[in-house]
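Enquirer: requesting a structural model of the entry that follows:
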Amino acid sequence: MIFAALGVPETWRVFQQEVRFYVINGDSYTEVSTGRAVSLLDSAVLTKFLTVGLNEGGRKAAPGFRTWVSENPTGD
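Expert: Modelled structure (predicted):
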């Protein structure tokens, strides 16, 4: 993968409307549920808001996401 050759530590991908996080592990990537870049987010939470955004629009998803962030400052 080109990103691994460049040393990119983490990638986020959307596959079948599901967000997946991958972290570099040697010369390839390993899927993880919680990313390193924004540790309070996990793939399930991000997928939830992506789905709302796709189905109802960003104006519906954004306020809910902001509320979630304010209620979960450490990802608990």
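Enquirer: okay, now R66: neighbour count?
Expert: Look at R66: counted by other Cβ atoms under 10 Å, it has 10 neighbours. Every residue, glycine included, has its C-beta placed from N, CA and C.
Enquirer: following element in sequence after the longest strand anywhere in the chain, please.
Expert: What stands out as the longest strand in the chain, according to DSSP state E, is strand 18-25. Downstream of strand 18-25, the next assigned helix or strand under DSSP states H and E is strand 28-32.
Enquirer: buried residues, that next one. List them.
Expert: Of all the residues in strand 28-32, those buried under the rule 16 or more other Cβ atoms under 10 Å are Y29.
Enquirer: which secondary structure elements does that strand contact?
Expert: helix 2-6, strand 18-25 (3 or more Cβ pairs under 8 Å, 6 or more residues apart in numbering; DSSP states H and E).
Enquirer: residues in contact with the shortest one: which ones?
Expert: By that I understand helix 2-6. Outside helix 2-6, the residues that touch it by Cβ atoms under 8 Å, 6 or more residues apart in numbering are 11, 24, 27-29.
Enquirer: closest one of these to G35?
Expert: T11 (9.2 Å; Cβ to Cβ).
Enquirer: between the helices and strands packed on strand 28-32, which gets the lowest average pLDDT?
Expert: Mean pLDDT is lowest for helix 2-6 out of those, coming in at a mean of 88.
Enquirer: how far is it from where the chain is centred?
Expert: 19 Å (Cα atoms, centre = their mean, to the nearest Å).
Enquirer: for whichever helix or strand comes after it, what is the average pLDDT?
Expert: From helix 2-6 onward toward the C-terminus, using DSSP H and E, the following helix or strand is strand 10-15. Mean pLDDT, strand 10-15: 93.
Enquirer: what's the answer for stretch 65-76, then?
Expert: Mean predicted lDDT for stretch 65-76 stands at 81.
Enquirer: out of the helices and strands packed on strand 28-32, which one sits most buried?
Expert: Burial of these is given as mean neighbour count (mean count of other Cβ atoms under 10 Å); strand 18-25 ranks first at a mean of 17.
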